[in-house]
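Q: Sequence first, then the predicted structure:
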Amino acid sequence: IMGNSDTKLNFRKAVVQLTSKTQPIDASDDSFWDQFWSENVTNVQDVFTLVPAPEIRALREEAPSNLATLCYKAVEKLVKAVDNSCRTQHEQQTVLNCVRLLTRVLPYIFEDPEWRGFFWSSLPDQSQGEDREESLPLAHSLLNAICDLLFCPDFTVAANKKSGPDKAEDLQAIDSCEYIWEAGVGFAHSPTRYTTHDAARTELLKLLLTCFSETMYQPPVYL
């Protein structure tokens, strides 16, 4: 319990640090940004409690570049997790924390008409080489990553074969017929159920629903 309290305190300190800075924080400052997804905040309720709505709105108004960086760094983490097949427990925890943070923050971006075009901009290019993923709009990268992660062996679906960490499935090219959630047309038997997989699916589906709920957060005058 003590360790969990320390984790929450560290996460809260990072949030306060972010929301109290009006100067742009460098996107390459990984030691700062990693605080938001490396800490083991274990459920979405903690994230909602530790990231209060007034602070998100204040960040949006007073340091918009930092809010933008927080979002695209979180999306970037999800995209990289897909590229790595999200094979380690650490990477899966990172994904869940990014998902929780985005689920918390997106409604406050959607409610401001000035941010409407934000998710149709591209991920800033941090790499030296030409990466096709970098040119995609942020929304496209985010939705692709969520869909791939929803059918990720040993994370959201049971692995059909013991491939080992060096031979993980390519999530972007995975055969969805091999990895199903429930029995249906062409599949008479449901795969083995794991509560951890159900929990991860639920978190990803919450974010997916949030992505598709933009009109719920907009003032009526903009609908």
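A: Structure's in. What do you need? Residues are numbered from 1 along each chain as shown.
Q: quick one, helices of the protein?
A: 2-20, 30-33, 35-38, 44-50, 53-62, 64-83, 89-110, 138-149, 195-211, 214-217 (DSSP state H).
Q: Residue ranges in the protein under the pLDDT threshold?
A: Regions of the chain meeting the criterion pLDDT under 70 cover residues 1-4, 39-40, 123-134, 161-178, 222-223.
Q: Just send the helices of the chain back as CSV, with distance to residue 117 and mean neighbour count too.
A: All C-beta spots, glycine's among them, are computed from the backbone N, C-alpha and C. CSV is the format used below for the helices of the chain (distance: least, C-beta to C-beta, whole Å; neighbours: other C-beta atoms under 10 Å):
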stretch, distance to residue 117, mean neighbour count
helix 2-20, 23, 14
helix 30-33, 23, 14
helix 35-38, 24, 20
helix 44-50, 26, 16
helix 53-62, 14, 15
helix 64-83, 11, 20
helix 89-110, 11, 20
helix 138-149, 10, 20
helix 195-211, 15, 16
helix 214-217, 12, 13
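Q: for the most centrally placed residue in the chain, what are its contacts?
A: The centroid of the chain falls nearest to residue 99 when counting by C-alpha atoms, centre = their mean (3.0 Å). For residue 99, the contact set (C-beta atoms under 8 Å, 6 or more residues apart in numbering) comprises 78, 146, 203-204, 206-207.
Q: so who does residue 106 touch?
A: Contact partners of residue 106, counting by C-beta under 8 Å, 6+ apart, are 71, 207, 210-211.
Q: Thanks again, I'm all set now.
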